[in-house]
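Novice: Fold the following, please.
(chains A and B, ligands or ions: 2)
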Amino acid sequence: MNTIVCIKRVPDSATRVKIGPGGSELDPAGVKYVVNPYDEYALEEAIRRREAAGSGRVTAISVGTDAAAETLRQALAMGADDAVLLKSVGSTDGFVIAKALADEIASREYDLVLFGKQAIDDDNMQVPQMVAELLGLPCATVVVGLEIDGGRAVAKREVEGGHEVVEFSLPAVVSTQKGLNEPRYPNLKGIMAAKKKPLEEKDIALAASTLELISLEEPPPPAAGRIVGEGADAVPALISALREEAKVL
Amino acid sequence: MADVLAYAEIRDGQAGKAAREVVTAARTVSEELGGSVHVVAVGGVGTAGAGESLGAYGADRIMVAESEELGLYQPDVVTDVVARAAAGEYAAVLFPASAQGKDLGPRVAGRLGRGLATDVIAISTEGGAITVQRPMYAGKATATLRFTEGPAIMTVRANVFGATERPGAGAVESIEIGSAEVRARVTAFEAADRDQLDVSEATIIVSGGRGLQGADHWHLLEDLVAALGDQATLGASRAVVDAGWRPHAEQVGQTGKTVSPNLYFAVGISGAIQHLAGMQTAKVIVAINRDADAPIFGVADYGLVGDLFEILPRLTEEVRRVRQDG
Ligand SMILES: Cc1cc2nc3c(=O)[nH]c(=O)nc-3n(C[C@H](O)[C@H](O)[C@H](O)COP(=O)(O)OP(=O)(O)OC[C@H]3O[C@@H](n4cnc5c(N)ncnc54)[C@H](O)[C@@H]3O)c2cc1C
Ligand SMILES: Nc1ncnc2c1ncn2[C@@H]1O[C@H](COP(=O)(O)O)[C@@H](O)[C@H]1O
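Specialist: Ligands and ions are numbered 1, 2, ... in the order given. Next comes the predicted model:
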């Protein structure tokens, strides 16, 4: 079974967001970039299935700048077999990214295409579904359980108040959620091996977007709250603030 | 191109808060543009009746596709029906930013070959184009985006636009289900084995952190939730989910759920940036922590400094009393 895993390079979740001089991008100074955390579940799932089957390939694909090559190396160090960097400036319009990924994926042989459920920079939560639409594939999103038997799959997806059980045949698109597995850390052997694994770089042109990013702003600082008091004796003061001032009780 | 289409999520045969809010948001936009609100609802038997109730929230035309087979959300069928409905001339197509809306919206946008804005918190029609605001970087930044071509497809965040009654024409018509290929079939819904409101739906959340010191102290929070009524539910920090004290479904934050309730209690939670990412848009935040320097007090509207084991029982008692007195 061949699996394609789509990987995005994103700022670490602990990043303090500062907006750059252009007013529409993150100031990259001092930012640590990582494999999008949800994509690690996708990658782990693909690697485990290859290890269990003893055959098949795991290919990591990313749309991004030159710097995303480093992120793909991390994916190779975790255990992907090869990687493709679709070199472009990127876009906050998920549809544009989905098109670039779908074009590349369509030219390959695969059984499964895995994604994270969401990129933690743009928080779009849309690229996997769009890729599935563009390729005409079955799709299950926000998956926390996945069983594959031959060409049939059963996924559990997280929804409010429980799970939906989804059945489909391969090839298919699945987006992964925390809880699916515990991603491994790359070990030294993996990191050394990654240096010799194939990483292809292709220059691509992104399609025109219908959704333009105009500006990015730091949200206004929260209005300074106040300490109502100390200990249990301050509870009545809190209750009256919630009732009379905030009117939420 | 002044009409707006809203996707009404019908759950358990009801047009609930998610449906009413998305119709309210659509109404606001269509009024600015001088158009009307069309609603599309797809679901099991009873969907038409549920859809009809949206007339009271401003729906002028309510298109319904219902069948016994659609009692569970079938993404391929719903995508097909909604994409066909949306192919009309609409200025905007709105979905709720619920689990279903976030799955469906991008499929419809993908089918129509358009971009989609997720989790929108403000919509403007000034200057002819539709411009929206949405959080990025887990709420650490707000992006302003402009649709350069219609329709403006988006999912709208819960609890932001509210649900306001404003009568619309409310004409219900049935539309074709069609014969979409079912590529993936939803065969069951497995309810979590607790009958508690999901954090993403509750209007009041009582979240507990490591300060609770163990799963067996959770009755303190459960009592408070019970006192606050049936719109309240339990939430948790990642530390307590990782410790196995609480299920992941309750986790609030960057790797959990993003919530915007009217009232959020953070009890024994320090306020790490990844936790704040999930709850800082709550309307009113109350923090209870014995450390006066805990970062949670930086975002809290009201803080109580002290031992939660002393404060909680008293708080529960007082809440019970004021709610009884009305
Ligand atoms: C990639 C990544 C993603 C993450 N995602 C999330 C996420 O989604 N959600 C999330 O919550 N975290 C997330 N975290 C973890 C986050 O960084 C914190 O570790 C976590 O939120 C801490 O949980 P806590 O506040 O319960 O525990 P602590 O930080 O240990 O805080 C406990 C608090 O309880 C107080 N306390 C202790 N005893 C008492 C008492 N008797 N009375 C009153 N107060 C008391 C203490 O003063 C302290 O402030 C993530 C981290 C990473 C790296
Ligand atoms: N630039 C990109 N390159 C590769 N994969 C991506 C890219 N952007 C998004 N993805 C994939 O799509 C998932 C959802 O991203 P998003 O829709 O942007 O939240 C991510 O977890 C990745 O798996």
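Novice: Now do the same contact list for A:P198.
Specialist: The contact partners of A:P198, by CB atoms under 8 Å, 6 or more residues apart in numbering or on different chains, come to A:82-83. C-beta: built from backbone N, CA, C; applies to glycine.
Novice: what about 7 Å?
Specialist: Each residue near A:P198 by CB atoms under 7 Å, 6 or more residues apart in numbering or on different chains is listed here: A:D82.
Novice: can you pull the pLDDT of it?
Specialist: Turning to A:P198, the model gives it a pLDDT of 98.
Novice: Report how many residues lie close to the residue lying closest to A:A29 once chain neighbours are set aside.
Specialist: Closest residue to A:A29 apart from its sequence neighbours, by CB to CB, 6 or more residues apart in numbering or on different chains: A:K18 at 7.7 Å. By other CB atoms under 10 Å in any protein chain shown, 14 other residues sit near A:K18.
Novice: neighbours of residue 66, just the number please.
Specialist: I went with chain A, as the question did not name one. Quick note: A:D66 (other CB under 10 Å) scores 9 neighbours.
Novice: The intended chain is chain B.
Specialist: Neighbours around B:E66, by other CB under 10 Å: 22.
Novice: quick one: the nearest residue to it once chain neighbours are set aside from ligand 2, how far?
Specialist: Nearest non-adjacent residue to B:E66, counting by CB to CB, 6+ apart: B:T47, 3.9 Å away. The spacing between B:T47 and ligand 2, counted by CB to the nearest ligand atom, to the nearest Å, is 29 Å.
Novice: go on, A:T176?
Specialist: 8 Å.
Novice: Ok, B:G127 next?
Specialist: According to CB to the nearest ligand atom, B:G127 stands 28 Å off from ligand 2.
Novice: Reduced to three states, what does that residue come out as?
Specialist: coil (DSSP: H, G, I helix; E, B strand; the rest coil).
Novice: Which pLDDT does the model give it?
Specialist: Looking at B:G127, its pLDDT is 84.
Novice: Give me the phi and psi angles of it.
Specialist: phi 70, psi 20 (degrees, to the nearest 10).
Novice: dump the residue contacts of the residue in chain A that ligand 2 sits nearest to.
Specialist: Here chain A gets closest to ligand 2 at one residue, A:G116, 2.6 Å apart by CB to the nearest ligand atom. Neighbour list for A:G116: A:36, A:38-39, A:41-42, A:175-176 [criterion: CB under 7 Å, 6+ apart].
Novice: repeat that with 10 Å
Specialist: A:G116 makes contact with A:5-8, A:10, A:35-43, A:125, A:127-128, A:175-178, according to CB atoms under 10 Å, 6 or more residues apart in numbering or on different chains.
Novice: Where does A:A77 sit: helix, strand or coil?
Specialist: helix.
Novice: which residues in the stretch 151-300 of chain B form strands?
Specialist: With DSSP state E, counting those that start in this stretch as the criterion, the stretch 151-300 of chain B has strands at B:152-156, B:171-174, B:184-191, B:204-208, B:232-236, B:263-267, B:284-289.
Novice: In chain A, spot the helix with the most residues.
Specialist: Ordering each helix of chain A by length in residues (DSSP state H) puts helix A:37-53 first.
Novice: what does chain A put close to ligand 2?
Specialist: Contact residues (CB under 6 Å from any ligand atom) of chain A with ligand 2: A:6-8, A:36, A:38-39, A:62-64, A:90, A:94, A:97, A:101, A:115-116, A:118-119, A:122, A:124-128.
Novice: Distance of whatever residue of the stretch 151-300 of chain B ends up closest to ligand 2 relative to ligand 1?
Specialist: Ligand 2 sits closest to B:T155 of the stretch 151-300 of chain B, with a gap of 11.9 Å, by CB to the nearest ligand atom. In this view, B:T155 and ligand 1 are 20 Å apart by CB to the nearest ligand atom.
Novice: List the beta-bridge partners for that residue.
Specialist: B:F95 (DSSP bridges).
Novice: quick check: mean pLDDT across the longest helix of chain A?
Specialist: Here the average pLDDT along helix A:37-53 is 97.
Novice: for B:E317, helix, strand, or coil?
Specialist: helix.
Novice: Name the residues of stretch B:297-315 that come out as buried.
Specialist: Buried residues in stretch B:297-315, counted by 16 or more other CB atoms under 10 Å in any protein chain shown: B:297-306, B:308, B:311-312, B:314-315.
Novice: In space, what's closest to the residue of chain A closest to ligand 2 - neighbours in sequence excluded?
Specialist: In space, and not counting its chain neighbours, A:G116 is closest to A:Y38: 2.7 Å by CB to CB, 6+ apart.
Novice: Hmm, A:N124 and that neighbour touching each other?
Specialist: No - A:Y38 lies out of contact with A:N124 (CB atoms under 10 Å); the separation is 11.8 Å.
Novice: What spatial separation is found between the residue of chain A at minimum distance from ligand 1 and B:A50?
Specialist: For chain A and ligand 1, the shortest gap (CB to the nearest ligand atom) falls at A:S13, measuring 4.1 Å. Distance from A:S13 to B:A50, counting by CB to CB, to the nearest Å: 39 Å.
Novice: okay, those two: which has more neighbours?
Specialist: Neighbour count, other CB under 10 Å: between A:S13 and B:A50, B:A50 has more, with 24 against 21.
Novice: State the helix or strand in which the more buried one lies.
Specialist: helix B:47-52 (DSSP states H and E).
Novice: ditto for A:I4
Specialist: Using DSSP H and E, A:I4 falls in strand A:3-6.
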